[in-house]
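**Q** what shape does this take:
(6 chains)
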Protein chains: 4
Amino acid sequence: MHSRTPAGRTGRPRSAAADTAILAATREALVELGWSRLSLGDVANRAGVAKTTLYRRWADKHELVVDAVAELFDALRLPDRGSLAADIEGVVLQFASILARPEARSGLMAVVAESTRDDALRERIRTSIVDRQKRLVVEGRARAQARGELPPRTDPAQVARTVDLIFDIVAGAVVHRTLVSAEPADEEWVRSFTRVLLLGLAGAEEAGAGEVEARAGQG
Amino acid sequence: MHSRTPAGRTGRPRSAAADTAILAATREALVELGWSRLSLGDVANRAGVAKTTLYRRWADKHELVVDAVAELFDALRLPDRGSLAADIEGVVLQFASILARPEARSGLMAVVAESTRDDALRERIRTSIVDRQKRLVVEGRARAQARGELPPRTDPAQVARTVDLIFDIVAGAVVHRTLVSAEPADEEWVRSFTRVLLLGLAGAEEAGAGEVEARAGQG
Amino acid sequence: MHSRTPAGRTGRPRSAAADTAILAATREALVELGWSRLSLGDVANRAGVAKTTLYRRWADKHELVVDAVAELFDALRLPDRGSLAADIEGVVLQFASILARPEARSGLMAVVAESTRDDALRERIRTSIVDRQKRLVVEGRARAQARGELPPRTDPAQVARTVDLIFDIVAGAVVHRTLVSAEPADEEWVRSFTRVLLLGLAGAEEAGAGEVEARAGQG
Amino acid sequence: MHSRTPAGRTGRPRSAAADTAILAATREALVELGWSRLSLGDVANRAGVAKTTLYRRWADKHELVVDAVAELFDALRLPDRGSLAADIEGVVLQFASILARPEARSGLMAVVAESTRDDALRERIRTSIVDRQKRLVVEGRARAQARGELPPRTDPAQVARTVDLIFDIVAGAVVHRTLVSAEPADEEWVRSFTRVLLLGLAGAEEAGAGEVEARAGQG
DNA sequence: GGTTAACCGAGACGGTACGTCGGGTCTTATA
DNA sequence: TATAAGACCCGACGTACCGTCTCGGTTAACC
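**A** Now for the predicted structure:
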């Protein structure tokens, strides 16, 4: 994570328990107070840790919250429900249920907001959250290809573009639905959304091959 | 907007110029400092206005920024480019270009983040930004129906559901692409995205009619 | 005191009560905690004042304590006990009794210690405390001259030198006795000290005249 | 000094060099930073020693500084300049020149300030500095008696009182002159001061004998 | 000549206070 | 009544030291 392990090996080693306690305390405080009222002094108190210990490990509020929130998304699993549509619906519902938790809602949005002015923070978000969860898309595609639901694809650049596009559509739609529109991403909505997504991808898949080749010929 | 016009009519009237100057100063400060470093004292200075004046009109930082940011999105127009796909691409590119402006990026995300803990703020965002821009989806559908690209729909509840879904997908994907994935929503990406969206909607439209009626019979 | 009255006349004026409360709180805290454990946050609390208010008026702990302590010495009066010796004994006993108060002891010495590294602070001490109390020596001499105990002196430079010398001897001896030697400056000690001082001054007065004239001829 | 020699005799003995290095580093830091900005971590760094080592030997900042400063005054010597007046002037000038050194100025005053709230510290100051230097007064009197400048005195209590009085007057006046009045204790000032002191003592000596006997009869 | 107990360096730890900054309220004089 | 100015209370910031505590490793005296 943040642990740029200190060069030397001397001195008292850092307490591993402190990290855990701090991140848990951060999530707890996010639930109770939200982002804007969360203070690092309070987090340190909750964690039973001195403020200095906290600052020794994280440069500021945002970096801390990225790590605290990132762990939440690691709970996401791609269930095997027999079909691509069902798999997607399953993972989207999980995602929605994480976003229903207050610490995820306000923590995630706050760091994204700050990352618009802080390249290091943006990179940290990408590394700790975004790229980490793209595994779900990759897994899902592989499983669908194994089932014969999707044709095997080999062009790596094209695969990467597609994975990114799917991820932006899925994550973006769910976040927007729950946080901006402030409507629940319930089973009905998820079914509608998944249908649109899969039909769109299927259609694009068919039409896309020739176009890509055509473009490759130009560039 | 915020102007709960004061009851009494006596005394010195509020300066109309102050509102404009404050909102402009807010956007300017957002560009330079981002959300977290923006301070109301500084905004008041830039606007050549006393802090008192500012607080008399907006309850706090977030309300002010919602108003300041909302104006940016009012510039969105639905261009008539001859086809639904082209129209969508046009408006999405506009949206992306607004999100490329730093005041929009950090302002929008910051108020969304705070709105996860503040119902009044969420409502204000919905009123001032979200619902206001859904007009684009409604207009686009109407134009496409006029062109014969889409069949006319009459069930108002179903229409509302579809409009909401489209808006969440479009806005969500563009925001996620630009702010979270931190990749440009350039012409190529917009073309890919639009193709997936339209094919998905077309497919769902065909398949959906019967299903909706069936569900309506149950509910 | 410290009040470099702000240039402009606009805005809310500074609370005069705050000054008084802060200085009183400072002395109270000095009594309870001593210099080193005295914190400005605590002083602000005791005074019922925000820390910012305190810092707006005093640059740091030392400046504040100089002002708080200086007031204590303004209580010194030169009693008319009928003879120069008795007058001196009276004022020295008063001085000793002020130095017996813990806020005076630790406050005074602490600012003197810091003033060895801070010219502005040293000047402040001189202005607020030292020069202010030299009035006692001047008064005492005048009264003794009126009684005929001392011959009238007119050379102002020589008078100033003598006043300074007397002040350094008196203040120095009492401070050293009470704070460094840590013995009480009780009546017996004060009587012995005063006898030495007066006999020394009388002798120097006799022998000094010619020498001074001689030096004046050279310079 | 501070070395409460550890009970057991086994194990690695303490480094003697560390003591020297630490005290020297303390004085060096006092010169550069003054008391208030002096930190023990910094002293340890300068001395090339771990903080642990420092704390194993001195309980806190004040105790350390007493020891560091006390050594400075051990350089005082009573010169034999042929007369009591000249001897006194000589030693007073030495004293003044030590007090001109920044480490002595701020170190001495700081520990005196703190000692007003700390009896152990006051005792340490008395032992390490005050009583240690009273030897100068005792020596000076003895030499003057040998020269026949002073009558031999035998009552030990009276002698002790006189030695204390002289020490308080001399040390107090010089300290006050240099640190509080912030004027130089130069040759001219020292000459004036010594004249007053000696004349005062001579007069008191003559007049005092009978009075002392009288008081002894009462007590 | 191995044991062993106290030493040493490094540096993390729980604390306390620092001096600053911003939020939002208030009190003036002026318009 | 609105305004500009600016003082006010409050609370958090991030930093600096304090004095304590672990570590791994080093000495010297004792056996």
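
**Q** so where's chain A uncertain?
**A** A:1-8, A:207-219 (pLDDT under 70).

**Q** okay, now the domains of it?
**A** Split into domains by automatic domain parsing, chain A comes to A:16-57, A:69-209.

**Q** residue D:147 is nearest to which of the ones you listed?
**A** domain A:16-57 (64.7 Å; CB to CB). C-betas here are computed from N, CA, C, even on glycine.

**Q** now the terminal residues of that closest one, how far apart.
**A** 11 Å (CA to CA, to the nearest Å).

**Q** cool, and stretch A:43-63?
**A** 14 Å.

**Q** that one vs chain C: in contact?
**A** No: using CB under 8 Å from any CB of the partner chain, stretch A:43-63 never reaches chain C; the gap is at least 15.6 Å.

**Q** now that stretch: buried residues?
**A** A:43-44, A:46-47, A:49, A:53-54, A:57-58, A:61-63 (16 or more other CB atoms under 10 Å in any protein chain shown).

**Q** closest to residue B:77 among those residues?
**A** Once CB to CB is applied, the member of those that ends up nearest residue B:77 is residue A:62, at 35.4 Å.

**Q** what's the spacing between the spatially closest residue to that closest one that is not a sequence neighbour and residue A:35?
**A** Nearest residue to residue A:62, sequence neighbours excluded (CB to CB, 6 or more residues apart in numbering or on different chains): residue A:114, at 4.8 Å. Look at residue A:114 and residue A:35: by CB to CB, to the nearest Å, they are 10 Å apart.

**Q** now for these two: what residues contact both?
**A** Between them, residue A:114 and residue A:35 share no contacting residue under CB atoms under 8 Å, 6 or more residues apart in numbering or on different chains.

**Q** from chain A, which residue is nearest to DNA strand E?
**A** residue A:11 (2.1 Å; CB to the nearest atom of the strand).

**Q** quick one: what helix or strand has that residue in it?
**A** According to DSSP states H and E, residue A:11 maps onto no helix or strand at all.

**Q** shouldn't residue A:84 be in contact with residue A:144?
**A** Yes: counting by CB atoms under 8 Å, residue A:84 touches residue A:144, with 4.2 Å between them.

**Q** mutual contacts of these two, please.
**A** residue A:150.

**Q** quick check: nearest residue in space to residue A:79, chain neighbours excluded?
**A** With CB to CB, 6+ apart, the residue lying closest to residue A:79 is residue A:90, at 4.2 Å.

**Q** where's the one you found relative to residue B:168, distance?
**A** From residue A:90 to residue B:168 the distance is 19 Å (CB to CB).

**Q** so the two - more neighbours on which side?
**A** When residue A:90 and residue B:168 are compared on other CB atoms under 10 Å in any protein chain shown, the one with more neighbours turns out to be residue B:168, at 24 against 18.

**Q** contact partners for that one?
**A** Residue B:168 neighbours (CB under 8 Å, 6+ apart): A:173, A:176-177, A:180-181, A:193.

**Q** if we use 7 Å, what do you get?
**A** Residue B:168 is in contact with A:173, A:176-177, A:181, counting by CB atoms under 7 Å, 6 or more residues apart in numbering or on different chains.

**Q** okay if I get those residues as JSON lines plus distance to DNA strand E, secondary structure and neighbour count?
**A** Formatted as JSON lines, the contacts of residue B:168 follow (distance: CB to the nearest atom of the strand, whole Å; DSSP: H, G, I helix; E, B strand; the rest coil; neighbours: other CB atoms under 10 Å in any protein chain shown):
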{"residue": "A:173", "distance to DNA strand E": "32", "secondary structure": "helix", "neighbour count": "28"}
{"residue": "A:176", "distance to DNA strand E": "26", "secondary structure": "helix", "neighbour count": "25"}
{"residue": "A:177", "distance to DNA strand E": "29", "secondary structure": "helix", "neighbour count": "26"}
{"residue": "A:181", "distance to DNA strand E": "26", "secondary structure": "coil", "neighbour count": "23"}
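
**Q** now render the residues you listed as CSV, adding distance to DNA strand F.
**A** Shown next, in CSV, are these (distance: CB to the nearest atom of the strand, whole Å):
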residue, distance to DNA strand F
A:173, 33
A:176, 29
A:177, 31
A:181, 30
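
**Q** in chain A, which residue sits closest to chain D?
**A** residue A:11 (10.1 Å; CB to the nearest CB).

**Q** okay, and residue A:20 sits in which element?
**A** Counting by DSSP H and E, residue A:20 is part of helix A:16-37.

**Q** hmm, who's touching the following helix or strand past that helix?
**A** For helix A:16-37, the following helix or strand on the C-terminal side (DSSP H and E) is helix A:40-47. Contact partners of helix A:40-47, identified using CB under 7 Å, 6+ apart, comprise A:21-22, A:25-26, A:28-29, A:50-51, A:54, A:61.

**Q** tilt between helix A:40-47 and helix A:16-37?
**A** 140 degrees (axes from the mean of the first three to the mean of the last three CA atoms, to 10 degrees).

**Q** helix A:40-47 near DNA strand F anywhere?
**A** Yes: contact of helix A:40-47 with DNA strand F (CB under 7 Å from any atom of the strand) involves A:40-42.

**Q** ok, residue A:153 touching residue A:159?
**A** Yes: between residue A:153 and residue A:159 there is a contact under CB atoms under 7 Å: 5.4 Å.

**Q** any idea how far the residue in chain A positioned nearest to chain C is from chain B?
**A** Closest approach of chain A to chain C (CB to the nearest CB) occurs at residue A:41, with a separation of 14.0 Å. For residue A:41, the distance to chain B equals 17 Å [CB to the nearest CB, to the nearest Å].

**Q** just residue A:33 next, same as before
**A** 8 Å.

**Q** what of residue A:63?
**A** 13 Å.

**Q** starting at the chain centroid, how far to whichever strand or helix holds that residue?
**A** Here residue A:63 sits within helix A:61-73, counting by DSSP H and E. Helix A:61-73 sits 11 Å away from the centroid of its parent chain (CA atoms, centre = their mean, to the nearest Å).

**Q** list the buried residues for that helix?
**A** Under 16+ other CB under 10 Å, the buried positions of helix A:61-73 are A:61-70, A:72-73.

**Q** and the next helix-or-strand element following it, what does it pack onto?
**A** Downstream of helix A:61-73, the next assigned helix or strand under DSSP H and E is helix A:84-99. Under the contact criterion of 3 or more CB pairs under 7 Å, 6 or more residues apart in numbering or on different chains; DSSP states H and E, helix A:84-99 touches helix A:131-147, helix A:156-175, helix A:187-218.

**Q** using CSV, write out the CA atom coordinates for helix A:84-99.
**A** The C-alpha coordinates for helix A:84-99 follow below in CSV (Å, rounded to 0.1, in the frame of the first residue of the first chain):
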residue,chain,number,x,y,z
LEU,A,84,-22.9,-13.7,-18.7
ALA,A,85,-26.0,-11.7,-18.1
ALA,A,86,-26.6,-13.3,-14.7
ASP,A,87,-22.9,-12.9,-13.7
ILE,A,88,-23.0,-9.2,-14.6
GLU,A,89,-26.2,-8.6,-12.7
GLY,A,90,-24.6,-10.4,-9.7
VAL,A,91,-21.5,-8.3,-9.6
VAL,A,92,-23.3,-5.0,-10.3
LEU,A,93,-25.6,-5.7,-7.3
GLN,A,94,-22.6,-6.3,-5.1
PHE,A,95,-21.1,-3.1,-6.3
ALA,A,96,-24.3,-1.2,-5.6
SER,A,97,-24.5,-2.6,-2.1
ILE,A,98,-21.0,-1.4,-1.4
LEU,A,99,-21.9,2.0,-2.7
